[in-house]
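K.L.:
With the sequence up front, the predicted model follows.
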Amino acid sequence: MNALVEIQHLRETLRRHEHLYYVLDQPEIDDAEYDALMRRLLALEEKNPALVTPDSPTQRVGGKPREGFAKVSHSARMLSLDNALNEGELRAFDERVRDLLRGASFRYVAELKLDGLSLAVQYQLGQFRRAVTRGDGMVGEDVTENARTIRSIPLLIQGTSGDLEVRGETLLNRRAFERLNEERDRQELPRFANPRNAAAGSLRVLEPAVTASRRLDFYAYLLLVNGSPVFDSHWESLDELERMGFRVNRHRRLCQDLDELFAFCAEWDAHRDELPYEIDGVVVKVDSTAQQLALGYTAKAPRWAIAFKYAPKRAVTVVEDISAQVGRTGALTPVAHLRPVVVSGVTVSRATLHNEDEIARMGLAIGDTVIIERSGDVIPKVLRVEAKGTGRREFRMPSLCPVCGGAVVRAEGEAASRCINTNCPARLKESILHFASRGVMNIDGVGEVLVEQLVEKGLVRSVADLYDLTAEQVAALDRMAEKSAANVIQNIDASRKAPLPRLLAALGIRFVGARTAVLLAEQFGSIGAIMAADVETLQQAEEVGPKVALSVREFFAEPANRELVERLRAAGLTFTHEVPVRRREGALKGMTFVLTGTLPTLSREVAAERIESAGGKVGASVSRKTRFVVAGEDAGSKLEKARALGVEVIGEEQLLELLR
Ligand code: IVH
């Protein structure tokens, strides 16, 4: 196959898989296969630099950092939307539309209002050319190189002509946001306050490689060809965007009247926390393009659309008290006790204050009136002080632990004060709750009420004691029926089979969350190996830097923790981890291969490149040190030599197996 044909074929294949993965969420191949295809394309393009085109999937990786962003004028103004803050205002909008359309029948399209930032993406002859932020609506910033790294923005749209502009929302989903903040914790960088800020920060960094690592999403909601809509209806244009390969939010509805609109709004208000990304309302658009044209624009916004905003998840209330709550690491977290207030349907009486510095930064004292915010199902937080209270009282972190009376110490350079008593019952309770929690050891039934009693009654002094509990002991506790006690024991029992990464995360080692636990387990394969590794060796695991490594080291250096691990081992928990060969870094490390003959599908260069990128070496001649000879058709003297020396001979299929 000539290089150009192979390159084109690889690009098409990669584009198809990107679309399946990033737009449709239906991958057909795994990451390793995708990476292998990408590497092959990269290698071919490196050898044939003249064949590199800007729409090649290889161009997404993130180019050179820039000095700043150029300002560019928008082709057509990028307007904002007027808001309807309640049903009455949405009704008023509907009446206005009705009036202006003089009684003609019309329909609305209801879409979720994604809470990110808008972006205009421009194409020429189907090729991705430029991406511009909204800016002031007239002039935005050219963020082309950063947008190029967003996989849900196609670099090539087949079968289109003319100048095309797609507008949509760039956002970071909740998972990517959490991961980003975890990563920032590890690097001791300040956390992003919400996904929207994180998305803005990720799109407007000067290094495209940083944008690439952040996993932004793009949802298209407007299509313009040569500056205007081309379809008769907005609904059709959304379908067309989807056909072009864009991600279009599937939660959209064609509504015949106001009642249907209200129903859609109410439905998503109730379920918004279940979405993988944040929304702040519903965007309502008149469907017909001709009617949109007739309705026109005000100076600020279209008359044919409106944003129905959900009630802010904020409320004003009074901080009646502040207490310190002891977490599983012994850290004391100040918690505000609030005058109960309803925030988007939920009564809130507590909010977290993170640490003393945060209280000082806000200038908060007991008795102050504050604004609180609730997002998702996390504990609400205090945003800021709205008014100082009369007779206000400053909060002081206690010098003794409110639970066990042990000393509280704030280490230099740390924001948190900690109870230093490792046997503090509060720490124990929290660590058991963490151990059993969903996504960690997943022990259903081991919640607050049960743990409280288990600790109080001295039945559990360490998480290892969970595995010695009997159904009779549990059944004897308050609010425990025999059946539920048996279930709890069964669930505890089943958790012995939880894979090693979950057990590692369950131990509560600082900075070792779910992801780091997987990487450690994959690198070392067993708890024993992790315990034996020094700080340097630990850093061989992906994403593990000195801080995490030191924390792991310190954890296992502590005799009490080693003892805990031994008891868990005796209880039969899972201590080893089978790493799929393909995911093991350097799966072929230390192995020398010799290639001979013509392989059925891989060229010699590609085979060599893949062996080397998996950590293996490719030798020119066969010796006793050769681990495998890979033989294809018409293999000659090297094959004979391999046989003479007793070196294992494999074919392409087995090589691919090793590389998987
Ligand atoms: S349409 C002229 N549709 O909300 C029409 N906007 O408050 C312009 N937004 O600037 C926008 N989801 O950033 C539209 N489905 C959606 C949207 C959406 C979020 C954002 C967009 C816009 C802002 C207006």
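P.N.:
Received the coordinates, thanks.
K.L.:
Which residue does the stretch 251-400 of the chain have closest to the ligand?
P.N.:
residue 283 (4.0 Å; C-beta to the nearest ligand atom). C-beta: built from backbone N, CA, C; applies to glycine.
K.L.:
Let me know whether my guess that that residue is in a strand holds.
P.N.:
Yes: counting by DSSP: H, G, I helix; E, B strand; the rest coil, residue 283 is part of a strand.
K.L.:
Quick one: neighbours of it, just the number.
P.N.:
19 (other C-beta atoms under 10 Å).
K.L.:
Indicate the residue of the stretch 1-150 of the chain located nearest to the ligand.
P.N.:
Counting by C-beta to the nearest ligand atom, the stretch 1-150 of the chain gets nearest the ligand through residue 118, at 3.3 Å.
K.L.:
next one: the stretch 451-600 of the chain
P.N.:
Closest point on the stretch 451-600 of the chain to the ligand, by C-beta to the nearest ligand atom, is residue 515, at 29.4 Å.
K.L.:
so when I look at that residue, I'm seeing a helix, right?
P.N.:
Yes: assessed with three-state DSSP, residue 515 lies in a helix.
K.L.:
related to what we said a few turns ago, hang on, isn't the residue of the stretch 251-400 of the chain closest to the ligand packed against residue 108?
P.N.:
No: counting by C-beta atoms under 8 Å, residue 283 does not reach residue 108; the two are 10.0 Å apart.
K.L.:
Next, the contact list for the residue of the stretch 251-400 of the chain closest to the ligand, please.
P.N.:
Residues near residue 283 by C-beta atoms under 8 Å, 6 or more residues apart in numbering: 81, 110-113, 221, 305-308.
K.L.:
Reduced to three states, what does the residue nearest the centre of the chain come out as?
P.N.:
Centroid-nearest residue in the chain: residue 176, 1.9 Å away (criterion: C-alpha atoms, centre = their mean). Taken by three-state DSSP, the conformation at residue 176 corresponds to helix.
K.L.:
Strands of the stretch 301-450 of the chain, start to end?
P.N.:
Using DSSP state E, counting those that start in this stretch, the strands of the stretch 301-450 of the chain run over 305-309, 314-326, 331-343, 346-352, 369-373, 381-387, 408-410, 417-419.
K.L.:
Up against the ligand, what does the stretch 451-600 of the chain have?
P.N.:
Neighbours of the ligand within the stretch 451-600 of the chain, by C-beta under 6 Å from any ligand atom: none found.
K.L.:
Quick one: the helices in the stretch 451-600 of the chain, in order.
P.N.:
Secondary structure of the stretch 451-600 of the chain (DSSP state H, counting those that start in this stretch): helices located at 471-475, 482-494, 500-506, 514-524, 527-532, 535-538, 546-557, 559-570.
K.L.:
Out of those helices, which gets the lowest mean score?
P.N.:
In terms of average pLDDT, helix 514-524 trails the rest of the helices of the stretch 451-600 of the chain, at a mean of 86.
K.L.:
Which other helices and strands does that one contact?
P.N.:
For helix 514-524, the helices and strands in contact under the criterion 3 or more C-beta pairs under 8 Å, 6 or more residues apart in numbering; DSSP states H and E are helix 174-186, helix 500-506, helix 527-532.
K.L.:
So which other helices or strands are in contact with the shortest one?
P.N.:
Applying 3+ C-beta pairs under 8 Å, 6+ apart, we find helix 527-532 packed against helix 500-506, helix 514-524, helix 546-557, helix 559-570.
K.L.:
Tell me which of the ones you listed lies nearest to residue 76.
P.N.:
helix 514-524 (42.5 Å; C-beta to C-beta).
K.L.:
what residues does that closest one touch?
P.N.:
By C-beta under 8 Å, 6+ apart, helix 514-524 touches 179, 182, 186, 439-440, 499-502, 504-505, 512, 530, 533, 538, 540-544, 548, 552, 577, 579, 583-585.
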